[in-house]
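Peer 1: what follows is a protein structure lacking sequence information:
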């Protein structure tokens, strides 16, 4: 009877292992709730005091002192007291713990201990935030959700683009109606160009005008020329295109004033001008000068025109998406002023801390630290801001160049004709001759 029971037990164990592996691969959330979360919660509860002591998260209380006659009697010896924590609450692919801080403690100490918590709890990452004074929220993720990001569904909406996936497992959406202007920073091969290609493929089927400014001779955005209403390939052309857009912006203002409305979205459909998305690849090419008078004048014009579009364009259906490898104050005060108007921020891996600071520093210092930790192997991973003012790690969906070009060509018939821009470029060609 013994061998039979042993064989049966082994068969049950083997069956559980097989089923568990299938659940882990095909239903990772179920596998986490059934097996991963209980084990992780146990580690959090039973290692918390030791981790707190080793990482200076505990506070030592002074011993009690009592004066008896002329003698000073001391109480118990000093004992470190770990902060109180809530029971770990399960999330879709991790857990969260609320810590009640001791008097005098700050979240910075917990941020420094994040790596220690990762190793103690055996999770992928721990993020430290402070939802309110006196509390710290520790959010742990069991595995890297961006290692194999899937494309979550997102509602189809005008000027909305499904870019990829957030670390929470939700959809990464750039909604230009909610956040009208964006700044994208990223070093070579960090995923910046792939993100722009993804954005174009998402906007191409929509009734919007796409205008490209690529002062590298059009090497990047020129691939999608069939879907672009205008393309500037040098700074001289960029000045002409931006000037025409500012003139068009004035016309849109007049139309809104005549109709007694404050934005084009309040106009009737027949009177509403087409929305325009201006894509600028490599912003530094617009601001750098070779020292000549003409070069300086063009750089100043580009700076002024971009700033006017960013300040006034949101309600008029004019949107900016500005990308660059290097975004720093050394490019001039115009870049800093423009950055302040670009509410949406995306920071891939960058070559210098200044660019990460310029992109995210005025929004959240923690986001800068996370962005600087992105490695060269994490292509497409970025820190992005959301409409609620928060931030998250995200990964854009890999869109091959040939697929993006094919999508742009497929929807070339939807390219709106912007007469003012066409006239500006034609006039520029005539002056060049």
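Peer 2: Yep, it's here. For clarity, every value in this text was computed on a predicted model and none was experimentally measured.
Peer 1: got the contact list for the residue lying closest to residue 53 once chain neighbours are set aside?
Peer 2: Nearest residue to residue 53, sequence neighbours excluded (CB to CB, 6 or more residues apart in numbering): residue 80, at 5.6 Å. To be clear about C-beta, it is placed using only N, CA and C from the backbone, and glycine gets the same treatment. Contacts for residue 80 (CB atoms under 8 Å, 6 or more residues apart in numbering) come out as 52-53, 58-60.
Peer 1: PyMOL command to pick out the buried ones of those residues?
Peer 2: The PyMOL selection below is limited to those of the contacts of residue 80 classed as buried (16 or more other CB atoms under 10 Å):
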select buried, resi 52+58
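Peer 1: closest to residue 167 out of the contacts of residue 80?
Peer 2: Each of the contacts of residue 80 was checked against residue 167 using CB to CB; the closest is residue 52, at 25.9 Å.
Peer 1: and the helix or strand containing the closest one, how far out from the chain's middle?
Peer 2: Element membership of residue 52, judged by DSSP states H and E, is helix 37-54. Relative to the centre of its chain, helix 37-54 is centred 31 Å away, using CA atoms, centre = their mean, to the nearest Å.
Peer 1: low-confidence stretches in the stretch 151-300 of the chain?
Peer 2: Scanning the stretch 151-300 of the chain for pLDDT under 70 picks out 151-155.
Peer 1: parallel or antiparallel, list what pairs with the one helix or strand residue 173 maps to.
Peer 2: In this structure, residue 173 sits in strand 171-175 according to DSSP H and E. When sheet partners are counted by DSSP bridges, strand 171-175 sits next to strand 160-166 (antiparallel).
Peer 1: what sits up against the partner strand?
Peer 2: Applying CB under 8 Å, 6+ apart, the contact partners of strand 160-166 are 145-146, 149-152, 154, 171-177, 195, 198-199, 202-203, 380, 384, 392-397.
Peer 1: pull out the buried members of those.
Peer 2: Judged by 16+ other CB under 10 Å, buried ones among the contacts of strand 160-166: 145-146, 149, 154, 171-176, 195, 198-199, 202-203, 380, 384, 392-397.
Peer 1: among the residues you listed, which are in strands?
Peer 2: Under the assignment DSSP state E, the buried ones among the contacts of strand 160-166 contribute 171-175, 384, 392-396 to strands.
Peer 1: and these, which is closest to residue 183?
Peer 2: For those, the nearest to residue 183 is residue 384 (10.7 Å; CB to CB).
Peer 1: let me know whether the closest one touches residue 396 as I believe.
Peer 2: No: counting by CB atoms under 8 Å, residue 384 does not reach residue 396; the two are 9.3 Å apart.
Peer 1: overlap of the contact sets of the two?
Peer 2: Taking CB under 8 Å, 6+ apart as the contact rule, residue 384 and residue 396 both touch residue 172.
Peer 1: could you pull out the helices for the stretch 51-200 of the chain?
Peer 2: For the stretch 51-200 of the chain, applying DSSP state H, counting those that start in this stretch gives helices covering 107-112, 114-121, 192-203.
Peer 1: nearest to residue 139, of those helices?
Peer 2: Judging the helices of the stretch 51-200 of the chain by CB to CB, what sits closest to residue 139 is helix 114-121, at 10.4 Å.
Peer 1: so what does the closest one touch, helix or strand wise?
Peer 2: Here helix 114-121 touches helix 37-54, strand 125-129, strand 135-141, going by 3 or more CB pairs under 8 Å, 6 or more residues apart in numbering; DSSP states H and E.
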